[in-house]
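>>> Provided below for reference: sequence and predicted model.
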Amino acid sequence: MNIRILNSREDLNATAAAVIASLLLSKPQAMLGLATGSTPIGIYQHLADMYSKGQVSFARAYSVNLDEYVGLPPEHPQSYRSFMNEHLFQHIDIPISHTRVPDGNALDLAAECAAHEQAILDHGPVDLQLLGIGHNGHIGFNEPGHRLTGATHVVDLKESTRSANARFFGDIDAVPRQAVTMGVGTILKAKQIILVAFGSDKADIIKQALTGPVTTECPASLLQCHPNALILLDQKAGGGFN
Ligand SMILES: N[C@@H]1[C@@H](O)[C@H](O)[C@@H](COP(=O)(O)O)O[C@@H]1O
């Protein structure tokens, strides 16, 4: 793992966006693994800005998202499909047909999980997977537990995760109880991973994930086993290393 602690959130967003843009310059048809949550928003703004200045194009790229809530139609304002459209896709030139966010509203969720894996096989492997981290160490929606699942699957969300994400829904009762998520096996197959974390509230889990035991009880700790993982932290999230 390469751990970099940057001076500011702005530096961190610019650094992550530059890595993604440089991948697209060398491989325009790259498959990007994308994440949601508040963490990547600034990175997406940077990429949109670079696109508007003609510094990067996504015209031949593919994208696959980590996860989606079960039961939300794609047009729901809190669906991760809406999030991606709003924060990235509508500001760049990626063909929407090249983008894939799991359909959490599919009638046959097992078939949808299999289709997500197949899309990665068809256009992948994922060249670069962007990740945030949950306060309990989850990546995507792979929650801590005695066991983890390798492939894309349906997961029951922990109450702590539902309550952390209630800020987007206004009311915890509106937060779905399940999600579709890429499994840790799918995530670890990416050629490169960038995990990004901001803020002092992430400092403890970052230290645990990066320096503690590799354990299913902290899914992000499995990144210690990845051969090409870049960890980008601001000073606060990296505070546990001082
Ligand atoms: N499924 C997403 C994760 O992919 C994300 O990393 C996490 C942290 O979110 P935030 O970036 O808002 O802290 O939230 C959600 O649970």
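Noted; the coordinates are in hand. Because the structure is a prediction, the values reported are computed rather than measured.
>>> So which bits of this structure are right by the ligand?
Residues of the chain lying close to the ligand by Cβ under 6 Å from any ligand atom are 35-39, 66-67, 132-134, 140-141, 161, 165. Glycine gets a C-beta too; all of them are placed from N, C-alpha and C.
>>> And stretch 65-80, end to end?
8 Å (Cα to Cα, to the nearest Å).
>>> Quick one: mean pLDDT for it?
Mean per-residue pLDDT for stretch 65-80: 97.
>>> Grab the longest helix from this structure for me.
When the chain is parsed with DSSP state H, its longest helix is helix 9-26.
>>> Neighbour count and secondary structure added to the residues of the chain next to the ligand, as TSV?
Shown next, in TSV, are these (neighbours: other Cβ atoms under 10 Å; DSSP: H, G, I helix; E, B strand; the rest coil):
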residue	neighbour count	secondary structure
35	24	coil
36	27	coil
37	18	coil
38	12	coil
39	24	coil
66	28	coil
67	24	strand
132	20	coil
133	25	coil
134	23	coil
140	26	coil
141	26	coil
161	20	helix
165	21	helix
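>>> now the helix or strand bottoming out on mean pLDDT in the chain, how far from the centre of its chain.
Ranking every helix and strand in the chain by mean pLDDT, DSSP states H and E puts helix 159-169 at the bottom, with a mean of 92. Offset of helix 159-169 from its chain centre (Cα atoms, centre = their mean, to the nearest Å): 17 Å.
>>> Sort out which residues of that helix are buried, please.
Along helix 159-169, these residues count as buried under the neighbour rule (16 or more other Cβ atoms under 10 Å): 161, 162, 164, 165, 169.
>>> residue contacts, the nearest residue to the first one once chain neighbours are set aside?
Read it as residue 161. Nearest residue to residue 161 in three dimensions, chain neighbours excluded: residue 134, at 5.9 Å (Cβ to Cβ, 6 or more residues apart in numbering). Contact analysis of residue 134 by Cβ atoms under 8 Å, 6 or more residues apart in numbering lists 143, 161, 164, 205.
>>> Appreciated, that's everything.
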